[in-house]
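A.B. asks: Need a 3D model of the following:
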Amino acid sequence: MNKREKTIAIVLGAVVGLYALDSYLLSPYLDRLTKADDLIAEHNQALSDIETTKRRRINASKDWRKIAADSVKTDASAAESQLLGRVRECAQRASLSLTSQKAEKTEKEKGYDRILLKASGQGTMQEIGRFLYELQTANIPVRVNDLEVSSRKDGVDDLALTITLATLYQTPVAPKVAMAGNRSGAL
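C.D. replies: Prediction:
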């Protein structure tokens with residue numbers, strides 16, 4: 001082998017060696033490094049989302065406690081009278097004529113008790129719309145469960161309204177009773 005062939009063989013060997021080094025070591029290492037960076041960024045974003053959700057939940061809990069302290073009652077009769085008064089007030093503001101209001105029943109719903117109220121009235125489409133708006137913007141927990149609007153006279157804007165509303169109140173928590181097997185007599 002002459003000097004030129006030796007140089008070509010050395011250069012060829014170096015190129016093949018560098019190619020093998022790149023294919024088996026450097027490229028896989030860089031790929032894993034890139035994937036690790038992407039995974040870290042993805043987990044950091046997930047952590048940031050979790051922290052944002054946690055902050056929102058804490059703020060929402062504070063807001064709910066503030067709202068609930070002012071409007072969610074802990075007594076059924078207080079919640080019922082609050083809803084009856086609010087419905088009368090909303091009807092008066094909307095110039096809607098209420099013909100009847102009757103509390104129907106109490107149901108359990110996610111740690112609260114729910115009172116249903118059925119009301120009937122008559123008025124124009126504008127008055128009914130204003131009445132529903134007043135209920136929607138009320139500062140007490142109230143929800144429309146059922147709504148029926150029918151015409152009292154054909155061709156005239158004289159409508160009959162039947163609506164079922166619901167409000168919530170907190171059930172008082174009963175105090176814990178001492179266990180029956182307590183022999184020491186202490187509570």
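A.B. asks: Restricting to C-alpha, output the helix or strand of the chain with the lowest mean pLDDT in PDB.
C.D. replies: Least confident helix or strand, the chain: strand 97-109 with a mean of 79, by mean pLDDT, DSSP states H and E. Extracted in PDB, the C-alpha atoms of strand 97-109 (Å, rounded to 0.1, in the frame of the first residue of the first chain):
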ATOM      1  CA  SER A  97     -99.900  39.600  38.200                       C
ATOM      2  CA  LEU A  98     -99.300  36.600  40.400                       C
ATOM      3  CA  THR A  99    -102.400  34.500  41.000                       C
ATOM      4  CA  SER A 100    -100.900  31.800  43.300                       C
ATOM      5  CA  GLN A 101     -97.700  30.700  45.000                       C
ATOM      6  CA  LYS A 102     -97.300  27.400  46.800                       C
ATOM      7  CA  ALA A 103     -94.300  25.600  48.300                       C
ATOM      8  CA  GLU A 104     -94.500  22.000  47.100                       C
ATOM      9  CA  LYS A 105     -91.800  19.800  48.500                       C
ATOM     10  CA  THR A 106     -88.300  19.500  49.900                       C
ATOM     11  CA  GLU A 107     -85.700  17.200  48.300                       C
ATOM     12  CA  LYS A 108     -82.000  16.400  49.000                       C
ATOM     13  CA  GLU A 109     -79.400  17.600  46.600                       C
END
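A.B. asks: Packing partners of the next helix or strand along the chain from it?
C.D. replies: Toward the C-terminus, strand 97-109 is succeeded by strand 112-123 as the next helix or strand (DSSP states H and E). Strand 112-123 is packed against helix 76-94, strand 97-109, helix 125-136, strand 159-170, with contacts defined by 3 or more Cβ pairs under 8 Å, 6 or more residues apart in numbering; DSSP states H and E. All C-beta spots, glycine's among them, are computed from the backbone N, C-alpha and C.
A.B. asks: buried stuff in strand 112-123?
C.D. replies: Tyr112, Asp113, Arg114, Ile115, Leu116, Leu117, Lys118, Ala119, Gly121, Gly123 (16 or more other Cβ atoms under 10 Å).
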